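Peer 1: Kindly return the folded structure for what I paste below:
(one chain, ligands or ions: 1)
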Amino acid sequence: MKEEILRVEKLNKYFGSNHVVKDATLSFKRGEIHGLIGENGSGKSTLVSMISGIYEINSGKIFLEDREIKVRSLVEANRNGISIIVQEAGTILGLTVAENIFLGNEEKFIKHGIKNIASMNKEAQELLEKYECSNINATDLIDKYNFEERKLIEIIKAIYIGPKVFIVDETTTALSQNGRELLYKQMTRIKEEGNTVIFITHDLDELIKWTDRITVMRDGVVVDTVDSDSVTEDDIKRLMVGRELSGHYYRTDYEKPVFKETVLKLSNVTVPGKFDNISFELHRGEILGIGGLSECGMHEVGKAIFGASFNRLGDVILNNEVKINSIEVAIKNGIAYVSKDRDNESLIVNDTISDNICITSLDDLKEHNIIFNSKLSKFANKYAEVLSVKMENVNQLVSDLSGGNKQKVALARWIAKNSEIFILDSPTRGIDVKVKADIYDLMTEMKNQGKSILLISEEILELIGMCDRILIMKDGKINGEFMRDINLTEEDLIMKMI
Ligand SMILES: Nc1ncnc2c1ncn2[C@@H]1O[C@H](COP(=O)(O)OP(=O)(O)OP(=O)(O)O)[C@@H](O)[C@H]1O
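Peer 2: Coordinates of the predicted model:
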């Protein structure tokens, strides 16, 4: 029997009248990876945020190595040996990589009131090398790096302290295959050294594979804790939802036609330093996937098509000969874009759900040049419902939603706009299995209506399961093309990525 390292007893958290964690009692053992799963909004992030000092506890107790701890901030949690990688961006823009890594822990570099920046930069660079991120420069502003690179920096920040409890909140979907390998390696090391990892992921396969035990939450309540080697994905789904979930997940068809008509054409598109001379066509009714490893440039391709890259070269042309050179032209011509960097590029998090959903459809909602609030509210409610957004009402701020529910709002806006071409970068990031299946159904329905989807994804199975055609990128170029085929395997795609 492994020894307990961390115990939470009757933890409660309210946001206003919303009781989101209810009497949670849970024990974590030394040398285990302990998974945490539940539907979007079931209280996982809130629970680990209380353990890591991000949120105040309304009632209950936390014991670390049998000693009650009261952590009031992340820095205090760190000092107690608890670190976390949060689901959203956890780095601060305007600071260097080194400053981000040592944020809250700078005093080790301060002597007689003077901070030894050279020494801090040197130590940060050594950490970057040690954790296989030598392409990142400690003295650079963090702003220079993309979402995945910032996540890797957060991982280093969380592990260099040698945590007793390392919390990973829905991080793997922000990482590509190589970033994931790095994270798994560190999780395994921490476990083998007799410490504990709390691992939140919506990927059931990954959850069962990497954890020793799994705790399931439903509506703020800890439902059960099970041994990972004694459960199946269906068992977990049943515990999460409280009933049997049946039916398919990805598309099941292999013969559905793609129209010959080209709706969007890229000719020799380049974004210097990101990708080079990319040309392809997207057809009506096609789901075209783009996959690859972190540095391959695929995320920038989505941005460039939407007119959101400042220094793009080459042409992005619609079938009516309109050239897409700006976001405004893209939206006017029926192009939708969901970025992987949800909080910074897809949503206005300090605004309401209603405003976020309506923002791209305001012109369509005008009556004699007047926009009626009642109409906005009805419209927002309709599409929040289509995407099953778990919320109090549409006037709630997006920042108050759980990660997966934010993602649903980002998608709802474009479904509401009835766009013709969807560029979806990691659209199911952070979304629970049940809603994921609904989103895949929605994508299939859109395809059947003749809409076109460019699906940029790190999830190889998602690409194989959903796409009519898949382009694999490597080092800024297209390195392989695969047609939909029941015999296509993960290995086929990976071979073209590496
Ligand atoms: N800062 C906040 N203010 C108000 N309500 C909040 C806040 N943070 C979370 N909530 C609410 O608490 C509930 C639980 O959210 P939480 O983020 O813990 O869920 P989760 O299980 O982590 O979901 P996901 O899988 O989507 O990340 C949700 O209903 C959410 O809207």
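Peer 1: Now do the helix or strand Glu126 falls within: which elements does it pack against?
Peer 2: Glu126 belongs to helix 117-130 when assigned by DSSP states H and E. Applying 3 or more C-beta pairs under 8 Å, 6 or more residues apart in numbering; DSSP states H and E, one finds that helix 117-130 contacts helix 97-101. Where C-beta positions appear, they are placed from N, C-alpha and C, glycine not excepted.
Peer 1: contacting residues for Leu401?
Peer 2: Gly41, Ile353, Val389, Lys390, Met391, Val409 (C-beta atoms under 8 Å, 6 or more residues apart in numbering).
Peer 1: any idea how far Glu4 is from the ligand?
Peer 2: Using C-beta to the nearest ligand atom, to the nearest Å, Glu4 is found at 24 Å from the ligand.
Peer 1: What's opposite that residue in the beta bridge?
Peer 2: In this entry, Glu4 is beta-bridged to Lys29, by DSSP bridges.
Peer 1: can you pull the pLDDT of the residue nearest the centre of the chain?
Peer 2: In the chain, the residue lying closest to the centroid (C-alpha atoms, centre = their mean) is Arg429, at 4.0 Å. In this model, Arg429 is scored at 82, pLDDT.
Peer 1: unless I'm mixing things up, it is touching Arg342, no?
Peer 2: Yes. Contact criterion C-beta atoms under 8 Å: Arg429 and Arg342 qualify, at 7.1 Å.
Peer 1: What is the burial count for Asp343?
Peer 2: 18 (other C-beta atoms under 10 Å).
Peer 1: ok so, going back, mutual contacts of Arg429 and Arg342, please.
Peer 2: Common neighbours of Arg429 and Arg342 (C-beta under 8 Å, 6+ apart) are Gln407.
Peer 1: isn't Thr44 right next to Phe199, touching?
Peer 2: No, residue 44 isn't Thr; it's Lys. No. Using C-beta under 8 Å, Lys44 is not in contact with Phe199, being 10.6 Å away.
Peer 1: From the ligand, how far off is Thr428?
Peer 2: Taken as C-beta to the nearest ligand atom, the span from Thr428 to the ligand is 12 Å.
Peer 1: Sorry, slip of the keys, the one I care about is Ile200.
Peer 2: Taking C-beta to the nearest ligand atom, one finds Ile200 at 7 Å from the ligand.
Peer 1: Asn105 now?
Peer 2: 25 Å.
Peer 1: name the element the residue nearest to that residue when sequence neighbours are not counted belongs to?
Peer 2: Nearest non-adjacent residue to Asn105, counting by C-beta to C-beta, 6 or more residues apart in numbering: Asn78, 7.0 Å away. Assessed by DSSP H and E, Asn78 sits inside helix 74-79.
Peer 1: For that helix, buried residues please.
Peer 2: Leu74, Ala77, Asn78 (16 or more other C-beta atoms under 10 Å).
Peer 1: contacting residues for Ala249?
Peer 2: One correction, residue 249 is Tyr, not Ala. So Tyr249 contacts Val433, Lys436, Ala437, Tyr440, Gly465 (C-beta under 8 Å, 6+ apart).
Peer 1: run the last query once more with 10 Å
Peer 2: Glu233, Val433, Lys436, Ala437, Tyr440, Asp441, Leu461, Glu462, Gly465, Met466 (C-beta atoms under 10 Å, 6 or more residues apart in numbering).
Peer 1: And the buried ones among those, selectable in ChimeraX?
Peer 2: Buried residues within the contacts of Tyr249, by 16+ other C-beta under 10 Å, are selected in ChimeraX with:
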select :433,436,437,440,462,465,466
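Peer 1: I'd like the contacts of Tyr249 as CSV, with distance to Glu481 appended.
Peer 2: Shown next, in CSV, are those (distance: C-beta to C-beta, whole Å):
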residue, distance to Glu481
Glu233, 31
Val433, 30
Lys436, 26
Ala437, 27
Tyr440, 22
Asp441, 26
Leu461, 18
Glu462, 17
Gly465, 17
Met466, 16
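Peer 1: average model confidence for stretch 277-289?
Peer 2: 95.
Peer 1: What are the buried residues along it?
Peer 2: Buried, per 16+ other C-beta under 10 Å, within stretch 277-289: Ile278, Phe280, Leu282, His283, Arg284, Gly285, Glu286, Ile287, Leu288, Gly289.
Peer 1: What's the end-to-end length of that stretch?
Peer 2: Start-to-end span of stretch 277-289 (C-alpha to C-alpha, to the nearest Å) is 18 Å.
Peer 1: same question, stretch 308-315
Peer 2: Where stretch 308-315 begins and where it ends lie 13 Å apart, using C-alpha to C-alpha.
Peer 1: what's the answer for stretch 60-73, then?
Peer 2: 17 Å.
Peer 1: buried set for it?
Peer 2: For stretch 60-73, by 16+ other C-beta under 10 Å, it's Gly60, Ile62, Leu64, Ile69, Val71.
Peer 1: Show me what the mean pLDDT comes to for it.
Peer 2: pLDDT averaged over stretch 60-73 gives 94.
Peer 1: any residues touching that stretch, and which ones?
Peer 2: 3-13, 21, 23-25, 27-28, 30, 50-54, 56-57, 76-82, 104, 164-165.
Peer 1: Identify those among those residues that sit within helices.
Peer 2: For those, the ones inside helices are Met50, Ile51, Glu76, Ala77, Asn78, Arg79, with DSSP state H as the criterion.
Peer 1: List the buried residues for the helix holding Glu126?
Peer 2: Met120, Asn121, Glu123, Ala124, Gln125, Leu127, Leu128.
Peer 1: Same check on stretch 313-326?
Peer 2: Gly314, Val316, Ile317, Leu318, Ile324.
Peer 1: Give the helix, strand or coil label for Tyr250.
Peer 2: Three-state assignment for Tyr250 (DSSP: H, G, I helix; E, B strand; the rest coil): coil.
Peer 1: hang on, isn't it packed against Thr444?
Peer 2: Yes. Counting by C-beta atoms under 10 Å, Tyr250 touches Thr444, with 8.9 Å between them.
Peer 1: what is in contact with those two at once?
Peer 2: By C-beta under 10 Å, 6+ apart, the residues touching both Tyr250 and Thr444 are Met466.
Peer 1: quick one on the thing from earlier: widest-spaced pair of the buried residues of stretch 313-326?
Peer 2: Using C-beta to C-beta, the buried residues of stretch 313-326 span at most 14.7 Å, a distance reached by Gly314 and Leu318.
Peer 1: How is Arg413 assigned, secondary-structure-wise?
Peer 2: Under three-state DSSP, Arg413 comes out as helix.
Peer 1: so what's it up against?
Peer 2: By C-beta under 10 Å, 6+ apart, Arg413 lies in contact with 336, 338, 346-347, 353, 355-361, 380, 383, 387, 419.
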